[in-house]
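Peer 1: structural data only, the sequence is not supplied:
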């Protein structure tokens, strides 16, 4: 792959990997990188396991956990795990965000791992390795796209369920939602860049081969 295409491809894959890695770590370590967040009015009650906590101000959903902020300034996060669920109670209704809506969020770290492999392959300029780099890059983009669709589904479901509570809050997308979308675009750009660089290199090699001088039949009998 030509050097002019190698550097941008490495940048795209590296940036996508970093974004997906940040989203995958998220809660409870990076509390700002959530997928969906619910702003409550302070009168909503959240029920986690057998505990009931009133005066909920904000509820945030991430890859492996959820957290909630209270009006007194405290933040409480659930136990880190795959496919968590949460029950939210208001004074008149109760809704459940089940594990079936959060289990698919595990695609994010898988996409991050595949993006890292694409990054390593893109560091090579061998024409065969670059072929695998483009394929792995597009695979990572597909996984990021699936992760983004799962994020959209979670956001839509949470927004719909929170609307049934009848409290004066709203549901919005978190930073992790848009970082996943951005990483998907970067992975597509990286895969396309690798393909263009590989094609340009193959055409350059074919041109140099066709223009190289060829010796005649009788030249092999000439004395050196």
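Peer 2: Cool, got the structure. What you see is a predicted model; the values in this text were computed from it and never measured.
Peer 1: can you name the residues that contact residue 84?
Peer 2: If a contact means CB atoms under 8 Å, 6 or more residues apart in numbering, then residue 84 has 64, 65, 66, 78, 99, 102 as its contacts. Heads up, the C-betas are built off the backbone N, CA and C, glycines and all.
Peer 1: try it again with 7 Å
Peer 2: 65, 66, 78, 99, 102 (CB atoms under 7 Å, 6 or more residues apart in numbering).
Peer 1: in JSON lines: these, plus secondary structure and pLDDT.
Peer 2: JSON lines is the format used below for the contacts of residue 84 (DSSP: H, G, I helix; E, B strand; the rest coil; pLDDT from 0 to 100):
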{"residue": "65", "secondary structure": "coil", "pLDDT": "87"}
{"residue": "66", "secondary structure": "strand", "pLDDT": "88"}
{"residue": "78", "secondary structure": "coil", "pLDDT": "82"}
{"residue": "99", "secondary structure": "helix", "pLDDT": "90"}
{"residue": "102", "secondary structure": "coil", "pLDDT": "92"}
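Peer 1: of all those, which comes closest to residue 90?
Peer 2: Each of the contacts of residue 84 was scored against residue 90 by CB to CB, and residue 66 proved nearest at 17.2 Å.
Peer 1: near the closest one, how many other residues are there?
Peer 2: 25 (other CB atoms under 10 Å).
Peer 1: would you map the strands across this protein?
Peer 2: In the chain, the segments counted as strands under DSSP state E are 36-48, 51-61, 66-70, 75-77, 86-89, 94-97, 170-173.
Peer 1: model confidence over stretch 40-56, on average?
Peer 2: Across stretch 40-56, the average pLDDT comes to 61.
Peer 1: pull up the distance across that stretch, start to finish.
Peer 2: From its first residue to its last, stretch 40-56 covers 6 Å (CA to CA, to the nearest Å).
Peer 1: in the protein, which helix or strand is least confident?
Peer 2: Least confident helix or strand, the chain: strand 36-48 with a mean of 71, by mean pLDDT, DSSP states H and E.
Peer 1: which one of the strands of the chain lies nearest to residue 154?
Peer 2: Nearest of those (CB to CB): strand 36-48, 5.7 Å.
Peer 1: ok now stretch 17-32, how far from the chain's centre?
Peer 2: 10 Å (CA atoms, centre = their mean, to the nearest Å).
Peer 1: closest to residue 19 out of the strands of the chain?
Peer 2: Closest among the strands of the chain, once you apply CB to CB, is strand 170-173, at 15.1 Å.
Peer 1: what residues sit buried inside that closest one?
Peer 2: Using 16 or more other CB atoms under 10 Å as the test for burial, strand 170-173 gives 171, 173.
Peer 1: what helices or strands is that strand leaning on?
Peer 2: Contacts defined by 3 or more CB pairs under 7 Å, 6 or more residues apart in numbering; DSSP states H and E place strand 170-173 against strand 36-48, helix 127-163.
Peer 1: pLDDT on the last one, on average?
Peer 2: Helix 127-163 carries an average pLDDT of 92.
Peer 1: mind listing what's buried along it?
Peer 2: Within helix 127-163, judged by 16+ other CB under 10 Å, the buried ones are 129-130, 132-134, 136-148, 150-152, 154-155, 157-158, 161-162.
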